[in-house]
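>>> Pasting the sequence and the predicted model now:
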Amino acid sequence: VGAAEVGGTAKISFDQEWGEIADMKMFGANVYLLDKGNGEIWRYAVKGDVYGEKQKWLAASESREVLKQAGSMAIAGSIWLTAGEKLARYTRGVTDPMEVSGLEIKWGQGTVIFTGDEVKNIYVLDPVQKRVVVLDKQGLYLKQYTAAVLEKATDLVVDEPEKKMYVVDGQKVWSIAL
């Protein structure tokens, strides 16, 4: 990650303190970086047409171990992370405990999570099992979608009103009906 720009003017420059940046999301015009190397979530608040200094989003009292294993992040008021077989939720910088229930086969490494404020569910891309797992926001398993193209997928976006899921495999964008 070199620099992030908004509207061609606001930038976030490279920071020597960053470890391994595993994911980046925007929420409320602010930028959030998942720093796997440091077990931290950095928040850059937008102020007009510039970003302020980075802030540690996670409370100082929180363990950093889950973040050091995390590979994907989604924001829907709370911040959601996938870390191996685990799904973690943080609200206002602290752990917001939850358990995934009803899922028979757990996902493994390489998962990607998708949700949002206007998205009803949580979607977890599991390339190892060639599936997308759908959970409600309390962690209850609802269903899954399976397809051979999911084995090489690296990212996903879901448009619930249009009942479409879009997955990227590095060369193509696939549309899957919900």
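Sure, I can see it. Note that the structure is predicted; figures quoted are calculated from it, not measured. Numbers count the residues shown, from 1 in each chain.
>>> residue closest to the middle of the protein?
The C-alpha lying nearest the average C-alpha coordinate of the chain belongs to Met73 (C-alpha atoms, centre = their mean; 1.9 Å).
>>> who's in contact with the helix or strand hosting that residue?
With elements taken from DSSP states H and E, the one containing Met73 is strand 72-76. Applying C-beta atoms under 8 Å, 6 or more residues apart in numbering, the external contacts of strand 72-76 come out as 22-23, 25, 27, 32, 34, 41, 79-82, 111-117, 119, 122, 137. Yep, even glycine has a C-beta here, placed from its N, CA and C like the rest.
>>> Buried among the residues you listed? Need that as a selection in PyMOL.
In PyMOL, this line selects whichever of the contacts of strand 72-76 come out buried by 16 or more other C-beta atoms under 10 Å:
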select buried, resi 22+23+25+32+34+41+79+80+81+82+111+112+113+114+115+116+119+122+137
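>>> Narrow the contacts of strand 72-76 to those in strands?
Residues of the contacts of strand 72-76 located in strands (DSSP state E): 22-23, 25, 27, 32, 34, 41, 79-82, 112-114, 122.
>>> Where does the prediction get shaky in this protein?
Low-confidence segments of the chain (pLDDT under 70): 1-10.
>>> Can you pull the phi/psi pair for Val168?
Backbone geometry at Val168, expressed as degrees, to the nearest 10, gives phi -110, psi 130.
>>> Find the nearest non-adjacent residue to it, please.
Leaving aside its chain neighbours, Val168 sits nearest to Asp155 (4.6 Å; criterion: C-beta to C-beta, 6 or more residues apart in numbering).
>>> So the one you found is in contact with Val132, correct?
No. Taking contacts as C-beta atoms under 8 Å, Asp155 lies outside contact range of Val132: 11.5 Å.
>>> if you count what's nearby, which of these two comes out ahead?
Val132 (27 against 14; other C-beta atoms under 10 Å).
>>> which residues sit in contact with the more buried one?
Val132 makes contact with Tyr123, Val124, Leu125, Asp126, Gln144, Tyr145, Leu150, Leu156, Met165, Val167, Ile176, according to C-beta under 8 Å, 6+ apart.
>>> and it, how far is that from Lys56?
32 Å (C-beta to C-beta, to the nearest Å).
>>> since we're on the residue lying closest to Leu142 once chain neighbours are set aside, how many residues are nearby?
Residue nearest to Leu142 in three dimensions, not counting chain neighbours: Val134, with 4.6 Å by C-beta to C-beta, 6+ apart. Val134 sits with 19 neighbouring residues when counted by other C-beta under 10 Å.
>>> do you know how far Val134 is from Arg89?
Distance from Val134 to Arg89, counting by C-beta to C-beta: 16 Å.
>>> cool, Lys106 as well?
Per C-beta to C-beta, Lys106 is found 17 Å from Arg89.
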